[in-house]
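Trainee: Fold the following for me, if possible:
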Amino acid sequence: MKGTVYLVGAGPGDPELLTVKATRLLQNAEAVLYDDLVAPEVLRLVPPTARMHNVGKRCGTKKIRQEEINFLMVALAAAGLRVIRLKSGDPLMFGRAGEEIEALRQADVPYEIVPGVTSALAAAAVAAIPLTHRRISSAVIFLTAHQASESEIADWGKFAGSGSTLVIYMPGREYATLSRRLRSAGLNEETPCAILSRVGTARQEMHRTTVSDLANAPQVESPSLLIVGGVVGLSDCELVDQHFPVTEWVGSLLPQRPELSDGIAEMER
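Mentor: Just a heads-up that it's a prediction; the model follows:
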């Protein structure tokens, strides 16, 4: 009998932002395929008996090809296991879930999608940025700057002209290039911007700037995102600067996974 694959959103890092369903599934997982950005505290929910597979990539360096991930999901499910495909944030937001769903359908493997808090919503909440505001912006657009083609860059013009809040995932560190793209798209140089880094962890930070001064913004660690629009002017930096308490309840739920202890200590520093 085939097992089931659950595409689960791990949220931005804080295990308290997991859904109840995601927590239950992790506690009963038999195999977990997780990305690099999934917080160690979240992985501690997985039973020590579960098979763990790190299938993530960072800064373009791949540990495993997407086709291999698809094959591994199908193979583990064919063995009758309860498989968790664990993705940072929400699985349907820039997470290649579409390709994995296609592979599961073709193999006739049962699957279910469990949403998570995507980093845009987590960042907005941490900084008290209302992504929409009836007097400032009536819409929000999610983009990615990661390896954007020239045609995609050109499309930014129609987004900028809409007056919508722009949330740019994976902005990288070429802020001068981003500033130039935004200005070329027609955004006013004084449009407020916020760079948010490692939201939902003990090392979260935020820097406010403008489109024209974006090139001078400090470099931050990934994962990060960029929010652009008038709503950024309503943000509260003090909320971001408050110490993020690493939750203790996770460690009491299940036995420690020794292989994750180093990662947890690193995040607490």
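
Trainee: Give me the below-cutoff pLDDT ranges for the protein.
Mentor: For the chain, the stretches flagged by pLDDT under 70 are 57-62, 146-154, 241-269.

Trainee: what residue is smack in the middle of it?
Mentor: Gly89 (3.7 Å; C-alpha atoms, centre = their mean).

Trainee: Please name the residues that touch that residue.
Mentor: Gly9, Ala10, Gly11, Pro12, Leu37, Gly95, Gly116, Val117, Thr118, Ser119, Ala122 (C-beta atoms under 8 Å, 6 or more residues apart in numbering). Backbone N, C-alpha and C define where each C-beta goes, glycine included.

Trainee: For Leu121, give its distance to Gly80.
Mentor: Noted for Leu121: a distance of 35 Å to Gly80, by C-beta to C-beta, to the nearest Å.

Trainee: Now Leu196: which helix or strand?
Mentor: Per DSSP states H and E: Leu196 is located in strand 192-197.

Trainee: surely Ala194 meets Ile227?
Mentor: Yes. Using C-beta atoms under 8 Å, Ala194 makes contact with Ile227 at a distance of 4.6 Å.

Trainee: hmm, back to that, what's the strand holding Leu196 packed up against?
Mentor: With contacts taken as 3 or more C-beta pairs under 8 Å, 6 or more residues apart in numbering; DSSP states H and E, strand 192-197 sits against helix 119-127, strand 205-210, strand 224-228.

Trainee: where's it relative to the chain centroid, distance-wise?
Mentor: Here strand 192-197 is found 15 Å from its chain centre; the criterion is C-alpha atoms, centre = their mean, to the nearest Å.

Trainee: Begin at 365, not 1, for the rest of this chat.
Mentor: Fine by me, first position is 365 from now on; the one you just mentioned is strand 556-561.

Trainee: Ends of stretch 490-507, what's the gap?
Mentor: 20 Å (C-alpha to C-alpha, to the nearest Å).

Trainee: Any chance you could list what contacts it?
Mentor: Outside stretch 490-507, the residues that touch it by C-beta under 8 Å, 6+ apart are 457-458, 484-485, 487-488, 520, 523, 526-533, 558, 560, 563-564, 568, 570, 591, 593-596, 598-601, 603-604.

Trainee: re earlier: which residues are in contact with both of Ala558 and Ile591?
Mentor: Ala487, Ile493.

Trainee: Name the single longest helix found in the chain.
Mentor: Longest helix of the chain, by residue count under DSSP state H: helix 430-442.

Trainee: What strands line up against the helix or strand just after that helix, and which way round?
Mentor: Helices and strands here follow DSSP H and E; after helix 430-442, the next one along the chain is strand 447-451. Partner strands for strand 447-451, per DSSP bridges, with pairing direction: strand 369-373 (parallel), strand 395-398 (parallel).

Trainee: Among these, which comes closest to Ser543?
Mentor: strand 369-373 (31.1 Å; C-beta to C-beta).
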